[in-house]
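Enquirer: I would like to see how this sequence folds:
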Amino acid sequence: MTEVYRNEVPRNGHGGPRYEPTLSNLLALLDSYPFENPMVRDRAATLALALEKYRGHQWIDAPTHPDFAADSSYDVYELDSLDNFPQDIREAIAGRVASRVVRSIGRPKEDGTLTPTLLAFDEVWKIRDKYPRILDVIRRGARQGRKENVVTLLATQAYEDFESLYDVTKNAGMKIVGKQIGDYSKLVSDAGLPENAAAAISAIRNAAGEYAQYVLAIGSGADQIVEMIQVELSPAELWTFTTNPNERNARARVSALRPGWSRGEVIEWLASAYPRGLAAAGLVEIDETLLDQRAQA
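Expert: The predicted structure is shown next:
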């Protein structure tokens, strides 16, 4: 690929249109480059044979979509959107995602200062199982990020999902631990949590629709600070971010019954009718007659 870019980059003159090499450029080089070493020639032939089936592919053998050329302060990559692709295509596109994330680390602004960047990875278990290449991005972001003004945030439901990222979790500057089910001694040991922190995890109590508690550990060793924190959502925030299946169904039901309402209007009605959500009230569905009363009012 280095040779491909060396051949193609000169075409991008100052002020002119930008040209991006694609897989076809690599295949052309593998076919024509005079490799002197027999082993390298054999390797090039094997690689060309493996990649030939992707020549002209609408995603793999194509330049980056123009939408990605626009500057953005907030990029979201939803890996679930790749699930319907064949395994090899899925891995290739995930690799493109990983490369874009890596290039965002340490990006300088016009004044030469580094751009503050947050790399957030949710559902780490899925990344570990389906997209292991992205784990390399996580490691790079976590190891090099501090000096590049980058913060890496990892979230998952079970500590075991971090087993392949032991080097990252061991040196994490901040750990936020929610309610644990079963044994969590490995979490306490790997994170180096003191006894009072382990006791605080056992003491976590959550109230559906009211609040959620977490143990926050900052730093490590003798300088470590451990606190219990509590998150309370406003009614609008609760209905916006709820993961309760009955409440999500209620939100979808209101949208279906009032197709002319915007998402904000749906949230507004739910927040006024059920300010603490359905779970806190011991309900599984809304009273749809209340919607009719609002329409009549």
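
Enquirer: ranges for the strands of this structure?
Expert: 117-121, 150-154, 174-177, 212-218, 225-231 (DSSP state E).

Enquirer: Please look at Ala44 and Leu27 and confirm they touch.
Expert: No - in this structure Ala44 lies outside contact range of Leu27 using Cβ atoms under 8 Å: 10.4 Å. Yep, even glycine has a C-beta here, placed from its N, CA and C like the rest.

Enquirer: Quick one: closest of the strands of the chain to Leu278.
Expert: Comparing those by their distance to Leu278 (Cβ to Cβ), the top pick is strand 212-218, with 16.2 Å.

Enquirer: Now find how far off-centre that closest one is within its chain.
Expert: Taking Cα atoms, centre = their mean, to the nearest Å, one finds strand 212-218 lying 21 Å from the centre of the chain it belongs to.

Enquirer: Check which helices and strands that strand sits against.
Expert: strand 174-177, helix 195-202, strand 225-231 (3 or more Cβ pairs under 8 Å, 6 or more residues apart in numbering; DSSP states H and E).

Enquirer: Of those, which shows the lowest average pLDDT?
Expert: Per-stretch mean pLDDT for the helices and strands packed on strand 212-218 is lowest at helix 195-202 (a mean of 84).

Enquirer: Give the other helices and strands that it contacts.
Expert: The contact analysis (3+ Cβ pairs under 8 Å, 6+ apart) places helix 195-202 against helix 185-191, strand 212-218, strand 225-231.

Enquirer: mind putting those in CSV, mean neighbour count and distance to Arg253 included?
Expert: Shown next, in CSV, are the helices and strands packed on helix 195-202 (neighbours: other Cβ atoms under 10 Å; distance: least, Cβ to Cβ, whole Å):
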stretch, mean neighbour count, distance to Arg253
helix 185-191, 15, 38
strand 212-218, 18, 25
strand 225-231, 12, 26
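
Enquirer: Now for Phe162, how many residues are close by?
Expert: Neighbour count for Phe162, taken as other Cβ atoms under 10 Å: 21.
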